[in-house]
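Q: Build me a structure from this.
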Amino acid sequence: MNSGYGCFKQAYFDYLDPRVAELTTAFGQYTLKGFAKKIGEEIVIYGDTDSIYLASKNDTLVAEAAKSNIDLEVDKEWKILFLTSNKKQYFGIKSDGKPEHKTLTAMKSDHPAYFNHVAKKLISEEFQKLFITSNNASAFESI
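A: Numbers count the residues shown, from 1 in each chain. Below you'll find the model as predicted:
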């Protein structure tokens, strides 16, 4: 349902009904918040309509979802993850060692080039690995 709800808010969709989109979003948030309460909210570090980020792997969550006939799967595991205050904007290094990011606001073409430069440095594998391997703030001065 989540993958199709967006069309219900589109003006050109024959079955336009923003209430369907709002209900889908609300139900997704309600469901994930319910799971968070069952497993302990302190383990949840981020959540939105269709995803939940946990501080550590939690098989209880998957089991609870299965009891409610909800398909829940682990999409990514992270060595290090940086979340921003903007929804669905993050960067980090996955457990397989590969860096990944969702486009940060500063990287968009309507922002000054300097912001783009800084954002690219932040998401660079070199910079992120410093967080994993260094306890010394001076290590970041070279970047």
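Q: what sits against the residue lying closest to E125 once chain neighbours are set aside?
A: Nearest residue to E125, sequence neighbours excluded (Cβ to Cβ, 6 or more residues apart in numbering): P99, at 4.5 Å. C-beta coordinates here come from the backbone N, C-alpha and C atoms, glycine included. The contact partners of P99, taken as Cβ atoms under 8 Å, 6 or more residues apart in numbering, are 91-93, 123-125, 128.
Q: Filter those down to just the buried residues.
A: The neighbour count (16 or more other Cβ atoms under 10 Å) marks 91-93, 123, 128 as buried among those.
Q: And the longest helix anywhere in the chain, what's buried?
A: In the chain, assigned by DSSP state H, the helix with the most residues is helix 18-39. Residues of helix 18-39 classed as buried: 20-21, 24-25, 28, 31-32, 35-36, 39 (neighbour count, 16+ other Cβ under 10 Å).
Q: How about stretch 48-56?
A: Neighbour count says stretch 48-56 has 49-50, 52-54 buried, by 16+ other Cβ under 10 Å.
Q: Next step: the contacts of P99 restricted to helices.
A: 123, 125, 128.
Q: hmm, back to that, could you let me know which of the buried ones among the contacts of P99 ends up closest to A66?
A: G92 (27.5 Å; Cβ to Cβ).
Q: show me what contacts that closest one?
A: G92 touches 78-82, 99-101, 128, counting by Cβ under 8 Å, 6+ apart.
Q: how about 6 Å then?
A: When contacts are counted by Cβ atoms under 6 Å, 6 or more residues apart in numbering, G92 is found next to 78, 80-82.
Q: element containing the nearest residue to L104 once chain neighbours are set aside?
A: Nearest residue to L104 in three dimensions, chain neighbours excluded: A119, at 4.7 Å (Cβ to Cβ, 6+ apart). If you go by DSSP states H and E, A119 is part of helix 113-123.
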